[in-house]
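J.: Here's my sequence, what's the structure:
(one chain, ligands or ions: 2)
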Amino acid sequence: MFEELSHRFDAIFNRLRGHGKLSEDNIAEAVRDVKRALLEADVNYRVVKKFTAAVQEKALGAEVLQSITPGQQFVKIVHNELTQLMGGNERPLKLHANRMNVVVLAGLQGSGKTTACAKLALYFRKQGHQPLLVAADTQRPAAIDQLETLGKALGIPVYADRGKKTLQVVEGALSRARSEGSSLVIIDTAGRLHIDIEMMGELKEICNAARPDEIFFVADAMTGQDAVNVAEQFYHEIHFTGSILTKMDGDARGGAALSILDVTGVPIQFVGVGEKSDALEVFHPERMASRILGMGDIVSLVERAQETFDAEKSRSLEKKIRKNIFTLQDFLEQLRQIKKMGPIGDLLAMIPGVGRAVQEAEIDNSALTKIEAIICSMTVIERDKPQIIDGNRKKRIAAGSGTLVQDINKLLKQFDSMKLMMKRMNKIAGKRGHAAALRSLAP
Ligand SMILES: Nc1nc2c(ncn2[C@@H]2O[C@H](COP(=O)(O)OP(=O)(O)OP(=O)(O)O)[C@@H](O)[C@H]2O)c(=O)[nH]1
Ligand SMILES: [Mg+2]
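T.: Ligands and ions are numbered 1, 2, ... in the order given. Take a look at the predicted model:
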């Protein structure tokens, strides 16, 4: 997400720090570089102009030039402006706890509306809502199938009524939601390749009938500058209340999508980061600015860890470590917890200071997958007592997991040294507890 932009900013700040003291000249140069970086990230030129003017004005203020750490001051200014550009203060969603809420999704064809409907349903169910998905895209029969498939996979009900007109579908869905006590109705609508009167008319009708609490404009982050015009027109017609940027996992430069915000003044609420239903992130302007500028996003990291972390499992694991009965099966489960948190590179990039350096070292997610495959090819007994794995067993495991015998050897060796370390830790821990032991083992 925004990797290219992130690299560019990194280079700019490094150059600036190299100067030691800042002058009007090197500030002007840095601002010029910032401008170029944003334009290359596809940020709309009007937005760039406004952004760089604000940065320049603040950077030339006495505070920065006289500061002992002018480079850092400059970064701080860019960070503030970038946060503003991304929406400044967050606006909480207008959903209510004690009554039925309605959300409508709108956007061009293929922008990711139907996928986002399922993602939102899953996200809000985790927050305690009872969602109902509504297939109000009556243009294409396949669209209804698509939503039904997604809903089925998640165990979330989908209202569809083939052959009926859009408005009838919406009305039918609302009355079912009321009678079933759904707390959140999510309406999927039909997209078109281009904006046309028919689509806008239909959307307005849906909004009039459903009186949504939130209208989300779904925008594909891969689309270029045209996205800005599209957003303006959608806003003009239906006054959406928030945006969802999809496909931010791709090599989208993302700038066009950011410009949508500046042009409409409506906040980005969510970003889509994959095709799967759980690939949705809440958008936090300040945290995103930090991530882009390589300042890390520790808050999101902790949140993600909490969300995927299974406290029960972790307690039983600690017990096993203490008793020194940690097996390859436990190792596999640990690995899966880590994998659930997403690509390792993404996670590390959220840690302040680690960001760029690690990304460049190219973290190899496939290594985890390989280890997983190897352990999965072992029998239960082998996982419990790896010492029985002899040459023949190794060959069988390698064949089963599509790896080499060397890979098995490597894993077993790693596992051995891990157990050795745990043993040492247990010894030191004694009465002092594991936290103290960990501290004394640290270099
Ligand atoms: N990589 C990635 N793909 C996505 C994301 N969101 C949607 N997609 C993919 O984009 C394609 C279009 O998504 P849909 O949800 O069908 O788009 P839509 O807006 O409903 O399209 P129409 O109903 O035809 O207007 C699908 O192949 C999705 O899997 C995302 O965040 N990341
Ligand atoms: Mg669709």
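
J.: quick one: Phe270 is in a strand?
T.: Yes: under DSSP: H, G, I helix; E, B strand; the rest coil, Phe270 falls within a strand.

J.: Under the pLDDT cut-off, which ranges of this structure? List them.
T.: Within the chain, the segments meeting pLDDT under 70 span 1, 20, 62-70, 251-254, 257, 294-311, 314, 341-365, 425-426, 428-443.

J.: Tell me how it divides into domains.
T.: As given by automatic domain parsing, the domain ranges for the chain are 3-85, 101-293, 305-441.

J.: Comparing those, which stretch has the densest surroundings?
T.: domain 101-293 (a mean of 20; mean count of other CB atoms under 10 Å). Placement of C-beta: from N, CA and C, glycine included.

J.: does ligand 1 sit close to stretch 128-146?
T.: Yes: contact between stretch 128-146 and ligand 1, assessed by CB under 6 Å from any ligand atom, occurs at Asp137, Ala143.

J.: Make sure Lys276 is indeed in a helix.
T.: No: read with three-state DSSP, Lys276 is coil and lies in no helix.

J.: For it, give me its contacts.
T.: Going by CB atoms under 8 Å, 6 or more residues apart in numbering, Lys276 touches no other residue.

J.: got it, and the one 4 residues further on?
T.: Remark: with contacts taken as CB under 8 Å, 6+ apart, Leu280 is in contact with Ala116, Lys119, Leu120, Leu122, Tyr123, Phe270, Val271, Gly272, Val273.

J.: Let's see that with 6 Å instead.
T.: Lys119, Tyr123, Phe270, Gly272 (CB atoms under 6 Å, 6 or more residues apart in numbering).

J.: before we move on, what about Ser175?
T.: Applying CB under 6 Å, 6+ apart to Ser175 gives no contacts.

J.: Pull the most distant pair out of the contacts of Leu280.
T.: Tyr123 and Gly272 (11.1 Å; CB to CB).

J.: and ligand 1, which of the contacts of Leu280 reach it?
T.: Gly272.

J.: Just want the residue of the stretch 101-250 of the chain that's nearest ligand 2.
T.: Going by CB to the ion, ligand 2 is nearest to Thr114 of the stretch 101-250 of the chain, at 3.3 Å.

J.: Would you mind stating the distance between that residue and Leu147?
T.: Distance, Thr114 to Leu147, by CB to CB, to the nearest Å: 6 Å.

J.: Would you mind listing the residues touching both of these two?
T.: Common contacts of Thr114 and Leu147 (CB under 6 Å, 6+ apart): Asp188.

J.: Look up how far Lys113 lies from the residue of the stretch 101-250 of the chain found nearest ligand 1.
T.: The minimum distance from the stretch 101-250 of the chain to ligand 1, using CB to the nearest ligand atom, falls at Gly191 (2.6 Å). Note on Gly191: its distance to Lys113, by CB to CB, is 6 Å.

J.: Around ligand 2, which positions in the chain sit nearby?
T.: Lys113, Thr114, Ala143 (CB under 5 Å from the ion).

J.: quick one: the strands in the stretch 151-300 of the chain?
T.: For the stretch 151-300 of the chain, applying DSSP state E, counting those that start in this stretch gives strands covering 158-159, 184-188, 214-220, 242-246, 268-272, 280-282.

J.: Return the list of helices and strands in contact with the second one.
T.: Using 3 or more CB pairs under 6 Å, 6 or more residues apart in numbering; DSSP states H and E as the contact criterion, the neighbours of strand 184-188 among helices and strands are strand 101-106, helix 113-126, strand 131-135.

J.: Output that strand as CSV, nothing but the C-alphas.
T.: What follows is strand 184-188, C-alpha atoms only, in CSV (Å, rounded to 0.1, in the frame of the first residue of the first chain):
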residue,chain,number,x,y,z
LEU,A,184,-27.6,-3.8,9.6
VAL,A,185,-28.9,-4.0,6.1
ILE,A,186,-26.2,-3.8,3.4
ILE,A,187,-27.5,-3.0,-0.1
ASP,A,188,-25.4,-4.0,-3.1
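
J.: What pairs with that strand, parallel or antiparallel?
T.: Paired neighbours of strand 184-188 in the sheet (DSSP bridges): strand 101-106 (parallel), strand 131-135 (parallel).

J.: can you list those strands in TSV and add distance to Asp249?
T.: Listed next are these as TSV, based on distance: least, CB to CB, whole Å:
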stretch	distance to Asp249
strand 101-106	19
strand 131-135	23
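
J.: Export the strands of the stretch 151-300 of the chain as TSV, with columns for distance to Lys410.
T.: As requested, the strands of the stretch 151-300 of the chain are arranged in TSV below (distance: least, CB to CB, whole Å):
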stretch	distance to Lys410
strand 158-159	47
strand 184-188	47
strand 214-220	42
strand 242-246	39
strand 268-272	37
strand 280-282	35
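
J.: For the spatially most central residue of the chain, give me its contacts.
T.: Residue closest to the average C-alpha location in the chain (CA atoms, centre = their mean): Glu281, at 4.0 Å. Residues in contact with Glu281 (CB under 6 Å, 6+ apart) are Val271, Val273.

J.: Show me which residues of this protein are close to ligand 1?
T.: Residues of the chain found near ligand 1 (CB under 6 Å from any ligand atom) are 107, 109-115, 137, 143, 191, 246-247, 249-250, 272-275, 279.

J.: 8 Å instead?
T.: Residues of the chain lying close to ligand 1 (CB under 8 Å from any ligand atom) are 107-117, 119, 137, 139-140, 143, 146, 188, 190-192, 218, 220, 246-250, 271-275, 279-280.

J.: that older thread, isn't the residue of the stretch 101-250 of the chain closest to ligand 2 right next to Ile187, touching?
T.: No: assessed by CB atoms under 6 Å, Thr114 is found out of contact with Ile187, at 11.1 Å.
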